[in-house]
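S.K.: here you go, sequence then predicted model.
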Amino acid sequence: MATRDEDFVARLFVVNTHTPVLFFSSTGMVYMMKVWRLPAGTPQSRGKALVNLLPLGEGERISTIMPLPEDEDSWQDLHVMFATKTGNVRRNEMSDFTNIRQNGKIAMKLDEGDHLIGVQACSEQDDVLLTTADGQAIRFAVTDVRVFKGRDSTGVRGIRLEEGDKTISMGILRHVEADPAERELYLKQASAVRRESRTELQGGEIDGGEDIQAAEMPAGEALPEPRYEALNAAEEFILTTTANGYGKRTSSFEYRITGRGGKGIRAMAVSERNGKLVASFPVEDSDQIMLVTDAGKLIRCPVAGISILGRSTQGVTIFNTAEDEKVVSVERVGDVDEDEDDHEAGEEAHEEGEDAPAGAGGEPA
């Protein structure tokens, strides 16, 4: 896809012509369009602006795009979770979002000054992770939020915010049953495994994988191998980034599961060096991320190169921003095409510090 200098591809998914796609806006509206109604284009075309396809109001923007399964029978096992800037959440059945007219309908009622920051599909076997700009995070089970029958409510409290704070992101994580002692032991063992792997790589000895037994753990302080492997398979990593260009990856096991509506725990240290948090979401090693600043500059980097650190640490430099420059948007870029030579060349120019055209900045489409 060809893009303008200040734009980039943030989502990519496979659909067919009869797949219904939901478009959730920042004002709490939802619009639906089947894929065959969307403009078809060549790999070199830029597509059409959503304002030309949907009846968006002034200042309204699409915050989440969600393709639905074509088989409506599968909807009964799925729910839609909403999260707002003020920390409210709401859960609805997926079937509540059928038969949406062309002019859209209310997806969630929002108080004045509030807006949607995330909408995701989930099941009752998942957890919700909310993160705030001041570095707090809370993880709770999806089932802690009752299923709402209507679409015109403001939901319930997901996280209790301090004055001046706001929710910046919502992530959906797989629910894993593990007691605190087991999680702590796993984290120590996994950290030891990673240190051992780095040592072998630096020494030029690559064994093709992590050797659980190679981790130097005190006797009696290692999980049984089957349990370690089970937790390792269920482990996810949360990427957290700040306005001053710092970031890190943190194991999902560091975010303990609590009840909904609390103040949460520290997700990342917020300091003069770091600035406030701007994004936090699950990532895979194969992903890349795109960061955009308020000066219209962008950088694209692989997730695998970002350090895995604890929750309360400050992170490492991802984007070396200027003194008066702030990161305003971070997006996950999955399924990267290796043959994007022309696109990569343009991105490298931005990484070297070339200014984007006037008017760039803010949140990308």
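M.R.: That came through fine.

S.K.: can you mark which positions in the helix or strand where S169 lies are buried?
M.R.: Element membership for S169 (DSSP states H and E) is strand 167-174. Buried residues in strand 167-174, counted by 16 or more other CB atoms under 10 Å: 167-173. For glycine as for every other residue, the C-beta is placed from the backbone atoms N, C-alpha and C.

S.K.: V316: neighbour count?
M.R.: 14 (other CB atoms under 10 Å).

S.K.: enumerate every residue touching the residue nearest to it when sequence neighbours are not counted.
M.R.: Sequence neighbours aside, S307 is the residue nearest to V316 in space, at 5.1 Å (criterion: CB to CB, 6 or more residues apart in numbering). Shown in contact with S307 (CB atoms under 8 Å, 6 or more residues apart in numbering): 248-249, 315-316.

S.K.: where's the nearest residue to D127 once chain neighbours are set aside relative to K85, distance?
M.R.: Counting by CB to CB, 6+ apart, L173 is the residue found nearest to D127 once chain neighbours are left out, at 4.6 Å. Counting by CB to CB, to the nearest Å, the gap from L173 to K85 is 21 Å.

S.K.: same deal with A267?
M.R.: Distance from A267 to K85, by CB to CB: 17 Å.

S.K.: looking at these two, which has the bigger crowd around it?
M.R.: When A267 is set against K85 and neighbours are counted by other CB under 10 Å, the residue ahead is A267, at 27 against 21.

S.K.: once you drop chain neighbours, what's closest to the more buried one?
M.R.: A137 (3.6 Å).

S.K.: export the buried residues of strand 167-174 to TSV and tack on distance to N244 and pLDDT?
M.R.: Shown next, in TSV, are these (distance: CB to CB, whole Å; pLDDT from 0 to 100):
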residue	distance to N244	pLDDT
T167	20	96
I168	15	95
S169	17	94
M170	23	95
G171	22	94
I172	27	95
L173	26	96
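
S.K.: test my guess that M33 contacts V21.
M.R.: Yes: using CB atoms under 8 Å, M33 is in contact with V21, at 5.7 Å.

S.K.: distance of the residue nearest to A267 from T131?
M.R.: Taking CB to CB, one finds A137 at 5 Å from T131.

S.K.: what about the contacts of S307, which are in strands?
M.R.: Using DSSP state E, the members of these that fall within strands are 248-249, 316.

S.K.: any idea which of the residues you listed is closest to V142?
M.R.: Closest approach between the ones in strands among the contacts of S307 and V142, by CB to CB: R249, at 23.4 Å.

S.K.: about what we covered before: now do the contacts for the residue nearest to A267.
M.R.: Contacts of A137 by CB under 8 Å, 6+ apart are 129-131, 255, 264-267, 280, 311.

S.K.: tell me where the stretch 201-350 of the chain has helices.
M.R.: Here the stretch 201-350 of the chain has its helices, by DSSP state H, counting those that start in this stretch, at 225-234, 341-351.

S.K.: what's the answer for the stretch 51-200 of the chain, then?
M.R.: In the stretch 51-200 of the chain, the helices defined using DSSP H, counting those that start in this stretch lie at 180-202.

S.K.: got any ranges where it has weak pLDDT?
M.R.: 70, 200 (pLDDT under 70).

S.K.: where exactly do the strands run in it?
M.R.: Taking DSSP state E, counting those that start in this stretch, the strands of the stretch 51-200 of the chain run over residues 62-67, 79-84, 88-93, 105-106, 116-122, 126-132, 136-141, 147-148, 156-157, 167-174.

S.K.: those strands into TSV, with extra columns for distance to R198?
M.R.: Formatted as TSV, the strands of the stretch 51-200 of the chain follow (distance: least, CB to CB, whole Å):
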stretch	distance to R198
strand 62-67	37
strand 79-84	36
strand 88-93	39
strand 105-106	51
strand 116-122	34
strand 126-132	28
strand 136-141	27
strand 147-148	46
strand 156-157	42
strand 167-174	26
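
S.K.: so which of these gets nearest D324?
M.R.: By CB to CB (comparing all of the strands of the stretch 51-200 of the chain), the closest turns out to be strand 167-174, at 21.4 Å.

S.K.: partners of the closest one, with directions?
M.R.: strand 126-132 (antiparallel) (DSSP bridges).

S.K.: which residues touch the strand it pairs with?
M.R.: Against strand 126-132 from outside (CB under 8 Å, 6+ apart): 81, 83, 87, 89, 122, 137-142, 144-145, 158-159, 161, 165-175, 238, 240, 255, 257, 264, 267, 277, 280, 282.

S.K.: of the residues you listed, just the buried ones, ChimeraX syntax please.
M.R.: Filtering these down to the buried ones (16+ other CB under 10 Å) takes a single ChimeraX command:
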select :81,83,87,89,122,137,138,139,140,141,142,144,145,158,159,161,165,166,167,168,169,170,171,172,173,238,240,255,257,264,267,277,280,282
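
S.K.: these two touch, right, I117 and F82?
M.R.: No: applying CB under 8 Å as the test, I117 and F82 come out as separate, 9.2 Å apart.
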